[in-house]
Every structure is written in C-alpha cells, then in structure tokens.
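Asks: quick check, what structure comes out for this input:
(2 chains)
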Amino acid sequence: MAITVTINGEARKIEAAPDTPLLWVIRDELGLTGTKFGCGAALCGACSVHLDGEVVRSCQILAQDVDGRSVTTIEGARDKIALAVKAAWNKLDVAQCGYCQSGQIMSAIGLLSQIAKPTDDDIDKAMDGNVCRCCTYHRIRAAIHEAAHAI
Amino acid sequence: MALKRMALKRRAALAVFAVATGAGLAFWAHGQQTGQRLSLATSAYAQAAQGDLFQPISVVLNHPRCMNCHPRDDRPRQGNDRHEHLQNVVRGVDDLGFVNMRCTSCHRDENNANSGVPGAPTWHLAPISMGWQGLGDAELCTTLKDEKRNGGKTVAALVEHMTVDKLVLWGWSPGGTRDPVSTPHDVFVTQLKAWEAAGAPCPAASK
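Replies: Sure thing, here's the model as predicted:
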C-alpha cells in the first residue's frame, strides 16, 4: 500500500502493508529510531508520537491510519514548547537509563500544548500511560512544572 | 420362618411402592408447577404486567462488554472482572479521555489483531447521564428510557441504536480473550422488540 504521510513536517511517500504498526514505519522505513518499542500493547508509552497533534501509541496505530496525516516524532519536536521541555529535562537531569524518555517527552509536550500550567493531578492523568522502569517520575513531574514556568 | 420372610418381602414391596408413588406425585406436582410458571412466563400480558420483559435486556446491559463503558463515575472499566481501566484512564470533558490519554491514543476503529487492544468506530465512554453500573433492573430501565438522560432517544430509537450501532455490536465480537455478550444478538433484538411492543414496561422499583 502506498502511503503519503507528513513526518516531522516533511511529506514522505512510503510503501507498507496496511497493518504495519506506525512504530515500524517510523523506525524501519524512515530510520527514525528515537521512538522506542516497549511493549507493543499500548501499556508502556515508550512509542508515543504525535498524530495530527495528539499523543498516540505508535505501536497501536497502523500504516493505513496515517495516510494523508501528520506525524511528529521526538526528532521533529522543535517548537517552543518542545524546546522548553527538552531544556527542563536537561536542567533537572531527568533521564536515568533513558529508554522511555522520548515517549515521556512527547507526552509532556502534548500535555503542555493543551494545559499551559498543569497541576500535579493533570500531570498524573496525562502522564500515567508512560511507564519508567527507573522510576524517574518525581523528576518528570518537576521538569514539566519547570518547562511550564519557562514557557 | 417362611411366613416371616413373606411378611418382610411384602413390607419391602409396600415401601418401594410408597416411595415410587411419592416420587411420582412429587414429579407430577413439580411438572404442574413448572408448567404453570412457564405458561405465565410466556404470557406477554403477564410479563408486561410484571415488567419481566426487561429482565433479559438487563442481562445484556449488565454484561461487562456493555457495562464497562457505562460507569456512573469517571473511570472506564476493563475485563470480565470490571476493573478500573489501567493507566489511570479517566472520562475527560468529552467522554473521550484526558489530555494524552484519549481513547483514540490506543483504540482504533476495529480490534487490533497484533496487540489485542479492542476497537470499534466511535470508541468512547457513555456520558455520565447514561451511567448504569450498580443499578437494579427498575432503575436501569427508567434511566435507559429517560430522554433527558439518554440523549433524547425514544424507545424506538433505543431499540434501533442497540440493533445497528457498530460500537454496540462490538460487544458480540470483542476479539482477543474477551467474552462476547452471552445472549445472541438476534435474540436480543427480538427481546428488545417484544419489550417495545408491550410499551417498554419497567419492573417494579422493589424488584
């Protein structure tokens, strides 16, 4: 199946089976390996990307779903909010092993794009789908507040 | 000695006869009662009078495939045990989830064969006014029919909704290891139409 999708602002044409998970399109077809495979069952959030501006689990979205749509991965997250989030992540040294962090950052950007000053409760609700095996949750929460303050 | 043995045999035979007769009478009486109950149960008039036409509908609405998305709070449920949706998933302002945790973040318009994540068109939580969890049959029935709470649906529209809506129909083909609704859908539709034809009676509140 021929698919036209805008990836990180660039229109790309790819050939993929309709039921190929978007995650594998991103990683294998497009070579963007910042997005990680974690569970393949929408349980961990490591594969989080933005589809038309909304956070989705790219392991659950299929190639046939993204034809004509816009996908942003960690590599393409470059707007004002994304830069503030990345700066806060660096400032507070959030990452430990780092495997889940591209998903965490994409979700943090998604949250701050819709709620400029999130409360702890907002963060709990919006970030609960992103699991961190190193339990960096307290630093993730602090970094989201830090980024909100900076923006 | 022989007389004594004959007397014993006679007593034993009488005992067997008495037991057999008793059992037969009990069986006959049970049959009569069951028959009586059946004839009452199959009488549409009697069922309408008792609100019993709603009972099989309640069985379907109470099935986890239906009830998990009709909570009376802000947490969708999952599984046959109706546990709260993992990952702190909540209703959100539009019944489609909170920021980042939207239904469509994971659920597609059909079941995902790769992961087992369920999906159907318009996957969403029923509005809280359509919350049914924990309601008895009487309150469930009145809540279902209340046009102020059911999205302005007449009984005919409710029957139509439960007959053709793709999200409702998902309950009969949920995929993965999920149990489908136990009543076959065509039987359910027949039950709905019988209920509608009788004026959509609700059970008495004490039931």
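
Asks: how are the helices of the chain distributed by residue range?
Replies: The chain I'm using is chain A. Using DSSP state H, the helices of chain A run over A:22-24, A:80-91, A:101-114, A:120-127, A:137-150.

Asks: let me rephrase: I mean chain B.
Replies: So, for chain B - with DSSP H - the helices run B:2-41, B:44-50, B:55-61, B:64-67, B:103-106, B:137-145, B:155-164, B:166-169, B:185-197.

Asks: would you single out the least confident of those helices?
Replies: When the helices of chain B are compared by mean pLDDT, helix B:2-41 comes last with a mean of 42.

Asks: show me what stretch B:103-116 is in contact with.
Replies: Stretch B:103-116 is contacted from outside by A:19, A:21, A:40-42, A:54-57, A:59-62, A:65, A:129, B:96-97, B:117-121, B:123-125, B:173-177, using Cβ atoms under 8 Å, 6 or more residues apart in numbering or on different chains. Bear in mind the C-beta positions are built from the backbone N, C-alpha and C, glycine included.

Asks: if you set the cut-off to 6 Å instead, what comes out?
Replies: A:40-42, A:55-57, A:60, B:96-97, B:117-119, B:121, B:123-124, B:175-176 (Cβ atoms under 6 Å, 6 or more residues apart in numbering or on different chains).

Asks: filter the residues you listed to the buried ones?
Replies: When the contacts of stretch B:103-116 are checked for burial by 16 or more other Cβ atoms under 10 Å in any protein chain shown, the buried set is A:40, A:42, A:55-57, A:60, B:96-97, B:117-119, B:123-124, B:175.

Asks: and which of these is nearest residue A:148?
Replies: residue A:55 (16.8 Å; Cβ to Cβ).

Asks: tell me how far the closest one lies from residue B:172.
Replies: According to Cβ to Cβ, to the nearest Å, residue A:55 and residue B:172 sit 31 Å apart.

Asks: equivalent analysis for residue A:150, please.
Replies: From residue A:150 to residue B:172 the distance is 51 Å (Cβ to Cβ).

Asks: now swap in residue A:2 and tell me
Replies: For residue A:2 relative to residue B:172 (Cβ to Cβ), the value is 35 Å.

Asks: also residue B:185?
Replies: From residue B:185 across to residue B:172, the span is 5 Å (Cβ to Cβ).

Asks: what do you get for residue A:142?
Replies: From residue A:142 to residue B:172 the distance is 47 Å (Cβ to Cβ).

Asks: sorry, back to before: so among the buried ones among the contacts of stretch B:103-116, where is pLDDT lowest?
Replies: Lowest in pLDDT among the buried ones among the contacts of stretch B:103-116 is residue B:175, which has 93.
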